[in-house]
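Peer 1: quick one, structure for this:
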Amino acid sequence: MSNYKIGEGDINAIVARNVKNYIEAVGKSQKWVYERSGIPKATFYNLLKGEGDINKSIPKLNKLFRIQDPFYFYNENIQLPRTLEELEADSIKNFSAASFNGTDSEAFKETMTILDDIINIIHTVKTAKELG
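Peer 2: As a prediction, this is how the structure comes out:
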């Protein structure tokens, strides 16, 4: 058993890295996050540098992103949400794999057309939400 203890600076660095990666994964701007979370701008940027009292800001981020685990950002290896681009890439891979496996029926093609329409709607709503 190791006697090594994670220091406060190490925890702050882990949280800072996780918060940055999470914000990038969900496709939000840093400004959007600090405005919507109610964290003062200076405090938020200190958090991203791993400085200050991070324990006051993390509950606000958890609430904003609807994260149930209060220690989510404190974990060294967090599971980040998948980006829209990753989901699309997977759906394209799945579509390609399925079409090469002899499942090119008309019903399958129609389903893929509907799926493509839904993805386009998601893109439109996402863009409108970012602009509005």
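Peer 1: please enumerate the helices of the protein.
Peer 2: Remark: helices assigned in the chain by DSSP state H are 8-26, 30-37, 41-48, 58-64, 84-99, 106-131.
Peer 1: which stretch among those helices comes nearest residue 74?
Peer 2: Taking CB to CB as the measure, the helices of the chain were each checked against residue 74, and helix 8-26 came out nearest at 6.0 Å. All C-beta atoms are positioned from the backbone trio N, CA, C, and that covers glycine.
Peer 1: circling back to that earlier point, pick out the shakiest of the helices of the chain, pLDDT-wise.
Peer 2: Out of the helices of the chain, helix 84-99 stands lowest, with a mean of 62 (criterion: mean pLDDT).
Peer 1: residue 77: how many residues sit nearby?
Peer 2: Close neighbours of residue 77, defined as other CB atoms under 10 Å, add up to 7.
Peer 1: I meant to write residue 27 there.
Peer 2: A count of nearby residues for residue 27, using other CB under 10 Å, gives 13.
Peer 1: and the pLDDT for it?
Peer 2: We have a pLDDT of 86 for residue 27.
Peer 1: distance of the residue nearest to residue 58 when sequence neighbours are not counted from residue 32?
Peer 2: Counting by CB to CB, 6 or more residues apart in numbering, the nearest residue to residue 58 once its immediate chain neighbours are dropped is residue 73, at 5.6 Å. If you measure residue 73 against residue 32 using CB to CB, to the nearest Å, the figure is 17 Å.
Peer 1: show me what counts as buried in stretch 39-51.
Peer 2: The neighbour-count criterion (16 or more other CB atoms under 10 Å) identifies 39, 43-44, 46-48, 50 as the buried residues of stretch 39-51.
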